[in-house]
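In: I would like the atomic coordinates for the input below:
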Amino acid sequence: MDGYYNSSNVCLACSSVCQTCAAASTCLSCKAGLNRIFNSTASTCDCQTGYVLNTSSNLCVGCQYSCQVCVTNFTNQCSSCNASNFRTLNASIKQCPCNVGYYDNNAALCLPCSYTCYTCSVSASNCTACTTGSNRVLNSTYGTCPCAQHYYDTIVVYVQNVTCASCPYFCSSCTNSSACLTCNSTNHRIIDSFNVNCTCSSGYYDDGTNELCATCPYQC
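Out: You can find the predicted model right below:
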C-alpha cells in the first residue's frame, strides 16, 4: 500500500513525509498538504520554497514574507532573497530588505517609490532621502523631495525625470523652462503676469545673465 515499502516481503512504513518510498527514508513521491516537494536527486521530500523545516516537529513552516529561503528552525531569518521582488540579502542581519528606490508593503514584492524619492517608507510618496545631484531637497515634515530654489520639476511638462531642471536666470521659482512662478524683489524684479517672467523694476535693467537687475545710469 502507499506509505509502505517491501522489505523481504514484509511491508514496512515509509517516512511520514513520503507518499511512496523504496526504503524508509528513500521517497519516490511526497504526501500532499505538507508543503514539501520531491527532490529526485536525493530521493527526499524537502520543504518548498518559502518554507523551512522545524526540526522539533518535522513540519515545513512558512518563512517570513520577505525571505525566499530561510534558516532552518528560524522563519524570520533569511538565507536568500528573490531578486525579482526587488530584495537583496543583508547577510549580517539575515534579512531581505527592499532595494534602494523601493519600499516594503508587508508583502513579498517591494513596491517602487515615487520618482522624486531616493528612498521611501510606508508609501511611494513618503520620501526618506532624495537622490544626490537631483537638485531636490528633503522636506522631512511632509516626507517629500521638492525641487530646490531656482529649479523646476519636469513632470509639470510631462517629461518625468528624477533631476529637477534649472529655471531661467531671471526667475526665483518657475513652472517650466520659460515661465516664472515667483520673483525675488531683493533682486529688483517684479512678476509680469502677462509674459510670465520677472522683469526689472523701474530704474533697473536686465543684463541678460544675472538674476540681480543692474542699476540704470543716474541720468535715466
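In: report the beta-bridge partners for the nearest residue to S123 once chain neighbours are set aside.
Out: Distance criterion CB to CB, 6 or more residues apart in numbering; nearest residue to S123, sequence neighbours excluded, is Y103 at 7.2 Å. Heads up, the C-betas are built off the backbone N, CA and C, glycines and all. Beta-bridge partners of Y103, counted by DSSP bridges, are L111.
In: for N54, same thing?
Out: Following DSSP bridges, N54 is listed with bridge partners L59.
In: my guess is it contacts N73. True?
Out: Yes: applying CB atoms under 8 Å, one finds N54 in contact with N73, separated by 6.0 Å.
In: pick out whichever of these two has more residues nearby.
Out: More neighbours surround N54 than the other of N54 and N73, with 15 against 12 (other CB atoms under 10 Å).
In: how much space between that one and C198?
Out: From N54 across to C198, the span is 69 Å (CB to CB, to the nearest Å).
In: just A42 next, same as before
Out: 75 Å.
In: ok, now N99?
Out: According to CB to CB, N99 and C198 sit 42 Å apart.
In: in terms of neighbours, single out the busier of the two.
Out: The residue with more neighbours, out of N99 and C198, is C198; 29 against 16, by other CB under 10 Å.
In: give me the beta-bridge partners of that one?
Out: Here C198 sits in beta bridges with I191, going by DSSP bridges.
In: report pLDDT for it.
Out: Per-residue confidence (pLDDT) for C198: 91.
In: residue contacts, it?
Out: F170, C171, S172, C180, C183, N184, R189, I190, I191, D192 (CB atoms under 8 Å, 6 or more residues apart in numbering).
In: out of the residues you listed, which end up buried?
Out: Listed as buried from those are F170, C171, S172, C180, C183, N184, R189, I191; burial here means 16 or more other CB atoms under 10 Å.
In: so is S178 in a helix, a strand, or just coil?
Out: coil (DSSP: H, G, I helix; E, B strand; the rest coil).
In: contacting residues for it?
Out: S178 neighbours (CB under 8 Å, 6+ apart): P168, V196, N197.
In: where does this structure dip in pLDDT?
Out: Under the criterion pLDDT under 70, the flagged ranges of the chain are 156-161.
In: for the residue most central in space within it, give its distance to C113.
Out: Per CA atoms, centre = their mean, the C-alpha nearest to the average position across the chain is that of Y102, at 0.4 Å. According to CB to CB, Y102 and C113 sit 6 Å apart.
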